[in-house]
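**Student:** Provided below are the primary sequence and the corresponding predicted coordinates.
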Amino acid sequence: MRIAMSGTAGKTAVALAVVAASALPVGAQAAGRQQSGPTASASGTSYTAADLRRDLAAVRKAGGGDVNVVARLDAPQGVLRARYGTAGLGSKAPVPWDAQFRVASTTKTFTAVVVLQLVAEGRLSLDDTVEHWLPGVVSGNGNDGSRITVRDLLQQTSGVYDYITDPDMQDALLNHFDENRYDATPPRELVAVAMRHRPLFTPGPAGSARQWSYSNTNYLLAAMIAQKADAGGASWQELVEHRIIAPLGLRHTYIPGQNPFLPGPHVRVTIDGPGGTPLDPTEQSLQHTADSGVVSTTSDLNTFFEALAAGKLLPADLWRQMRETVPYDDLPVPPSGKQGGYGLGLREIPLTCGGVYYLHEGDGLGVYTRPAVSEDGRRAVTVSVTTTTALIDQTKVNQAVQSLTDHALCGRG
């Protein structure tokens, strides 16, 4: 879920008196990595603990200076971690190293992988239409499921309205959060919200140029199709658990569904509510669907994206198709000066040192996830940002994270 916030929710800042900061090279026992000093790229340049600490401090500054941040870099030479801030407003404890957080739209990559695995097994095709699998679900107000393919859903080229931007949905999130924090509206009903609106555009025939527009609705539909295509009729949660989480040993990754609690170590979230009153959305069920429902850690996200880039989750042809991109227009231009593209639940961004990296950001209720992996799967870095007051300026934070990511994946201090 990418939650569009505006108005008074992002205006007020409150200073924190306690700041904890640390950056250490560490071992990664779960992944079998050895503790080491500064990591180095193949070209011999290095990226050190001090570099990560500096770059993460810049991310925190871009977030207003009072956000809580943690980052982890996994590379062949070892692991680097850095953190600034506390475990939440009023806490004196530092940000937990393995803090669990709702990854929001990073969930889309998990969902896309499951769909592509079903394609690999011949249970559906990327060229199948939505109407074929979900008759009558995408219809009315100019919506036509027979014109939209599974590929369009995964690539955000369907033109379907984003349900989260519906005025009533925005009002519930911004102005009546406490009344709705345990909402567990089924995906089909959320799709129906989108169907009250005309599509932004209608895709042309197969093979024609595609327009791009980000819509959470696409991934609700993709998961509904995956559930119908699976031989056992498993839910999308079960598909992700059985096909990704368990095989990769992601012990701190799970899908809570309607359970609003985070049982493991985590940072409490605070945002400015209506009238500037602090609001704590840590416990909530709103992010329970296939566009937003995964909870994870920096370590587990690095493992997931490394496995994906290394070809451990998809056959080579489908991994290639996942990386076939169309232009997007919702992120700043990266340090390389060349904009990237959006594939099938995955973004591709050029590096200043050559080559590209892959990611999918997650923007939730005061929690922002930024995982990235080099194209060979050998270096991965994840940054997690949690607010204590106002919602962040996403453009500024994205620019700072892009710089950190470029430095970390290029191995340049």
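**Tutor:** That came in fine, so what should we check first? All of these numbers come straight from a predicted model, not from anything done at the bench.
**Student:** From now on I want contacts and neighbour counts done on CA atoms only, so please keep to that.
**Tutor:** Will do.
**Student:** what stretches of the stretch 201-350 of the chain score poorly on pLDDT?
**Tutor:** Scanning the stretch 201-350 of the chain for pLDDT under 70 picks out nothing.
**Student:** Now do the strands in it.
**Tutor:** Ranges of strands in the stretch 201-350 of the chain, per DSSP state E, counting those that start in this stretch, are 271-272, 278-279, 295-296, 326-327, 341-342, 347-350.
**Student:** For residue 56, see how far away residue 174 is.
**Tutor:** Counting by C-alpha to C-alpha, to the nearest Å, the gap from residue 174 to residue 56 is 29 Å.
**Student:** more neighbours, those two?
**Tutor:** Per other C-alpha atoms under 10 Å, whichever of residue 174 and residue 56 has more neighbours is residue 56, with 26 against 19.
**Student:** contacting residues for the more buried one?
**Tutor:** Neighbouring residues of residue 56 by C-alpha atoms under 8 Å, 6 or more residues apart in numbering: 69-71, 82-84, 401, 404.
**Student:** can you give me the helices for this structure?
**Tutor:** 49-62, 107-120, 130-133, 150-155, 167-175, 177-180, 187-195, 217-229, 236-240, 246-248, 298-309, 316-322, 394-410 (DSSP state H).
**Student:** residues in contact with the longest one?
**Tutor:** By C-alpha under 8 Å, 6+ apart, the residues outside helix 394-410 that reach it are 41, 47, 52, 55-56, 58-60, 62-63, 73, 331-332, 334-335, 351-353, 370, 372-374, 379-381, 383, 413.
**Student:** tally of neighbours for residue 225?
**Tutor:** Neighbours of residue 225 using other C-alpha under 10 Å come to 20.
**Student:** Distance check, the nearest residue to it once chain neighbours are set aside against residue 95.
**Tutor:** Once flanking residues are discounted, residue 225 sits nearest to residue 133: 6.0 Å by C-alpha to C-alpha, 6 or more residues apart in numbering. Distance, residue 133 to residue 95, by C-alpha to C-alpha: 44 Å.
**Student:** which one of these two has more residues nearby?
**Tutor:** More neighbours surround residue 95 than the other of residue 133 and residue 95, with 27 against 20 (other C-alpha under 10 Å).
**Student:** related to what we said a few turns ago, pLDDT at the residue nearest to residue 225, what is it?
**Tutor:** pLDDT recorded at residue 133 is 98.
**Student:** residues in contact with residue 116?
**Tutor:** 314, 318.
**Student:** Which pLDDT value belongs to it?
**Tutor:** Residue 116 is given a pLDDT of 98.
**Student:** Report the separation between it and residue 124.
**Tutor:** Remark: distance between residue 116 and residue 124 (C-alpha to C-alpha) = 9 Å.
**Student:** what's the answer for residue 185, then?
**Tutor:** Residue 185 sits 27 Å away from residue 124, going by C-alpha to C-alpha.
**Student:** So the two - more neighbours on which side?
**Tutor:** The residue with more neighbours, out of residue 185 and residue 124, is residue 124; 20 against 13, by other C-alpha under 10 Å.
**Student:** show me the contacts for the more buried one.
**Tutor:** For residue 124, the contact set (C-alpha under 8 Å, 6+ apart) comprises 118, 229.
**Student:** Model confidence for it, exactly?
**Tutor:** As predicted, residue 124 sits at a pLDDT of 98.
**Student:** residues near the closest residue to residue 138 other than its chain neighbours, how many?
**Tutor:** Using C-alpha to C-alpha, 6+ apart and skipping residues adjacent in sequence, the residue nearest residue 138 is residue 145, 4.8 Å away. Using other C-alpha under 10 Å, the number of residues around residue 145 comes to 22.
**Student:** give the contact list for residue 145.
**Tutor:** By C-alpha under 8 Å, 6+ apart, residue 145 lies in contact with 129-131, 135-139.
**Student:** now residue 381
**Tutor:** Neighbouring residues of residue 381 by C-alpha under 8 Å, 6+ apart: 71-74, 298, 302, 371-373, 405, 408-409.
**Student:** ok, 7 Å please
**Tutor:** Taking C-alpha atoms under 7 Å, 6 or more residues apart in numbering, we find residue 381 in contact with 72-74, 302, 371-373, 405.
**Student:** What's opposite it in the beta bridge?
**Tutor:** The partner list for residue 381 in beta bridges (DSSP bridges) reads residue 73, residue 372.
**Student:** Quick check, central residue of the chain?
**Tutor:** Geometric centre of the chain, nearest residue: residue 106, 2.0 Å, by C-alpha atoms, centre = their mean.
**Student:** Check that one and give its pLDDT.
**Tutor:** With respect to pLDDT, residue 106 scores 98.
**Student:** Can you tell me how far it is from residue 363?
**Tutor:** Counting by C-alpha to C-alpha, the separation of residue 106 from residue 363 is 8 Å.
**Student:** looking at the contacts of residue 381, which has the most residues close by?
**Tutor:** residue 373 (31 neighbours).
**Student:** and the closest residue to that one other than its chain neighbours, how far is that from residue 331?
**Tutor:** Nearest in space to residue 373, with sequence neighbours left out and distances taken as C-alpha to C-alpha, 6+ apart, is residue 380 at 4.2 Å. Residue 380 sits 20 Å away from residue 331, going by C-alpha to C-alpha.
**Student:** These two: who's more crowded?
**Tutor:** Between residue 380 and residue 331, residue 380 has the larger neighbour count (other C-alpha under 10 Å), namely 32 against 13.
**Student:** Contact partners for residue 235?
**Tutor:** With contacts defined as C-alpha under 7 Å, 6+ apart, residue 235 is in contact with residue 227.
**Student:** wait, residue 81 sits on residue 75?
**Tutor:** No. At 11.5 Å, residue 81 does not count as touching residue 75 under the criterion of C-alpha atoms under 7 Å.
**Student:** Isn't residue 75 up against residue 374?
**Tutor:** No. Taking contacts as C-alpha under 7 Å, residue 75 lies outside contact range of residue 374: 9.9 Å.
**Student:** Give me the common contacts of those two.
**Tutor:** Residues touching both residue 75 and residue 374 (C-alpha under 7 Å, 6+ apart): residue 380.
**Student:** More neighbours: which of these two?
**Tutor:** Between residue 75 and residue 374, residue 374 has the larger neighbour count (other C-alpha under 10 Å), namely 27 against 23.
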